[in-house]
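1. Structure, please.
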Amino acid sequence: MGSTDGGAFRRMLRKLTSDVDELDARDLAEDVEETGARPARDCACGEEVTMLGRIRSVELCPQSADATLKAELFDGTDGVTLVWMGRRSIPGIEAGRTMRVRGRISVRDGRKVLYNPYYEICQAQ
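-> You can find the predicted model right below:
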């Protein structure tokens, strides 16, 4: 058995024994590299970034609160909170969607945040 067969067997075994979330994160991180987007783990406060990831959750503020829509974007390396001020909803912004976003990274309460990012909803791959 050649060395490439052993490597292929190890990769197959890792896929069979890995957690689904771990595999999904690895696939997302590979997509980020292929598109030239910036991995979230490498982004620092104040930088203008373009990121690609999947929305994990969307939070709609109650009617009595200021109009704000929040979504968590995960790119396989780290999560970033997207915040649209003055919006209660945006068509197409829902959990499970893949998006490309662009904006300036901020840090709030120890979490990375993009306020009012430019966004593009991508086709599922």
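2. can we go C-alpha only for contacts and neighbour counts from here?
-> Fine.
3. Who are the contact partners of Gly96?
-> Contacts for Gly96 (CA atoms under 8 Å, 6 or more residues apart in numbering) come out as Arg54, Ile55, Arg56, Ser57.
4. give me that answer again for 10 Å
-> Gly53, Arg54, Ile55, Arg56, Ser57, Val58, Leu73, Ala124 (CA atoms under 10 Å, 6 or more residues apart in numbering).
5. what's the neighbour count on Ile90?
-> 9 (other CA atoms under 10 Å).
6. Check Ser57 too.
-> Ser57: 16 surrounding residues under other CA under 10 Å.
7. That one falls within a strand, correct?
-> Yes: assessed by DSSP: H, G, I helix; E, B strand; the rest coil, Ser57 belongs to a strand.
8. I'd guessed it sits against Ala95; true?
-> Yes: applying CA atoms under 10 Å as the test, Ser57 and Ala95 come out as touching, 5.1 Å apart.
9. For Ala37, which non-adjacent residue is closest in space?
-> Spatial nearest neighbour of Ala37, excluding adjacent residues (CA to CA, 6 or more residues apart in numbering): Met51 at 4.9 Å.
10. Locate that neighbour within the secondary structure: which element?
-> Element membership of Met51 [criterion: DSSP states H and E] is strand 48-60.
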